[in-house]
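[1] Sequence plus predicted model, see below.
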Amino acid sequence: MSFDLGRLPIAIGKNGDTKKKIEQLTGTKITIDSTSGDYHIEVDPEASSKDGQNELDASGVRVYTTNHILEAINFGFNPDKALKLLDSENILEVIDLESILGHSEKRLKRIKGRIIGDHGKIRNSIEQFSGVFLSIYKKHLALIGEFDSIKIAKKGINMIIQGSAHKTVLAYLQYEHQKKKQEDFTKIWKPTL
């Protein structure tokens with residue numbers, strides 16, 4: 001596994017603080033080669049469930065989670081957002097835009113611009129109404145959130161890629177947001193018999 005060298009300082013952090021925080025929260029040890037960007041993750045045998053590892057007790061889960069956190073940072077997320085992957089409900093999904101749009105730099109730039117929108121409005125709306133975090137980095141889109149939320153965000157992004165008007169995409173996202181709020185409300189206020 002390897003890091004984009006431009007993202008390496010963000011994963012390590014000032015004086016190694018970010019790397020230490022990730023290791024502490026996941027109960028792992030991360031070794032990073034600063035010249036190649038290659039990294040290796042292993043379980044820290046000294047970490048125990050007393051350190052708040054309850055969901056991460058299985059060693060394979062610890063390594064898997066840590067890898068996804070590092071991958072999220074590698075695809076443009078800041079470490080705080082990447083750490084949302086500690087919640088087992090959240091997943092990371094990476095979309096290779098080049099495989100969808102082809103190799104045209106001009107088309108890639110145009111679609112990325114449409115996804116971001118004027119002053120980031122569309123991107124913010126996608127995040128707000130779907131409940132995901134969105135990163136647009138080089139030729140990739142990365143999403144962090146719950147499975148159903150990512151499904152909604154991906155449909156909105158797909159609508160943008162296919163040329164739908166921003167107004168149409170926003171209407172879809174707002175509709176899904178309202179629907180989810182209603183479902184959540186119904187779950188909470190189910191009458192007891």
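    Received, thanks.

[2] and residue 39, backbone torsions?
    Backbone torsions for residue 39, taken as degrees, to the nearest 10, come to phi -140, psi 160.

[3] and the residue nearest the centre of the chain, how far is that from residue 188?
    Centroid-nearest residue in the chain: residue 144, 2.6 Å away (criterion: CA atoms, centre = their mean). Residue 144 sits 25 Å away from residue 188, going by CB to CB, to the nearest Å. C-beta: built from backbone N, CA, C; applies to glycine.

[4] likewise residue 2?
    45 Å.

[5] So for the two, which residue has more residues nearby?
    Applying other CB atoms under 10 Å to residue 2 and residue 188 shows that residue 2 carries more neighbours, namely 12 against 7.

[6] hey, where'd the strands end up in this structure?
    Along the chain, counting by DSSP state E, strands occupy 28-32, 39-43, 90-96, 133-137, 140-146.

[7] got the buried residues for the last one?
    When neighbours are counted by 16 or more other CB atoms under 10 Å, the buried residues of strand 140-146 are found to be 140-145.

[8] ok, so of these, who is nearest residue 10?
    When the buried residues of strand 140-146 are compared for distance to residue 10 (CB to CB), residue 142 comes out closest, at 13.9 Å.

[9] Could you give the bridge partners of that closest one?
    residue 94, residue 135 (DSSP bridges).

[10] check contacts around it.
    Residues counted as contacts of residue 142 (CB atoms under 8 Å, 6 or more residues apart in numbering) are 72, 75-77, 92-95, 134-135.
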